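Trainee: Here's a sequence, model it:
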Amino acid sequence: MKLIPVPVALAAALVLSGTAFAQTAASPLSFNISLTSNYKSRGQDQDQSDTKSFKPALQGGVDYAFTNGFYVGNWNSTVNWTKYLPSNPSNSLEVDLYGGYKFKAGPLDMDVGALTYYYPGADSADTTEVYAGATYGPVTLKYSRTVSKGYFGTGYTTSDGRGTGYLNLAFAQEIMPKVTLKASVGQTMFTSAVKDAGIPDYMDYSVGASYDLGNGLSMSGALVGANKQSSYTYAIDPSKSVNKNTLVVMLTKAL
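Mentor: Below is the predicted model:
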């Protein structure tokens, strides 16, 4: 999830400008670009070069939805954590590639697919998961299972990362015009070999809201973090945790 650092002024300009990728309302092709105050994935900081809570990241992606329910997409973000892996790779970009199928099953909206997290130049961090999700009203339950050798660098050399599971329960509900309440809780479940090596399972959480500013522009804020903070610390400062609670603010433009 890394990208070559981009000046904040340019990032803001890209977020606020939609003319380069203008699409019709009926188009199956959509784009998104965001500027966030901190990129956290499953409750953990994805920039570990600094222990500060304010570490801006530029993010963006593209999705294509077929009329038969299938979809493909790509999402990218700046990151700065892979250099702390044992192989010390040089990398600043996360590239997510995914595809799947959405369909109805009675009252449920189902979603099954596969997702690869690719870190150019940092092969040991690459991770591939398969997933299945079900949505009922404002609630979504999703399970992801790692099928690659490693899980974001964990268990890469021994294939012990394969089989790691992640279960996420999310809630999203509009509570007043243009305001949507969002909350989620997730559980990372490592393989026995990984846990025996001293890396415990942990739970992450997020609670916040988003505001629709109109014309595809939205602002969101959420308190994001995870438990087991003493077990997940910065390599540059073991007294600080990458799981710490952080207020994350994001500006997003959907095109």
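Trainee: Please enumerate the strands of the stretch 1-150 of the chain.
Mentor: Secondary structure of the stretch 1-150 of the chain, counting by DSSP state E, counting those that start in this stretch: strands at 29-36, 40-41, 44-45, 57-65, 70-78, 93-105, 108-118, 127-136, 139-146.
Trainee: Quick one: those as CSV, columns for mean pLDDT and distance to N227 too.
Mentor: All C-beta atoms are positioned from the backbone trio N, CA, C, and that covers glycine. Shown next, in CSV, are these (pLDDT from 0 to 100; distance: least, CB to CB, whole Å):
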stretch, mean pLDDT, distance to N227
strand 29-36, 98, 22
strand 40-41, 98, 14
strand 44-45, 98, 11
strand 57-65, 98, 23
strand 70-78, 98, 24
strand 93-105, 98, 24
strand 108-118, 98, 23
strand 127-136, 98, 22
strand 139-146, 98, 19
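Trainee: Need the winner for burial among the ones you listed.
Mentor: strand 44-45 (a mean of 24; mean count of other CB atoms under 10 Å).
Trainee: Tabulate the strands of the stretch 1-150 of the chain (CSV), appending distance to T158.
Mentor: Putting the strands of the stretch 1-150 of the chain into CSV (distance: least, CB to CB, whole Å) gives the following:
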stretch, distance to T158
strand 29-36, 34
strand 40-41, 23
strand 44-45, 22
strand 57-65, 31
strand 70-78, 28
strand 93-105, 23
strand 108-118, 19
strand 127-136, 15
strand 139-146, 13
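Trainee: For A209, which of those is the nearest?
Mentor: strand 29-36 (15.2 Å; CB to CB).
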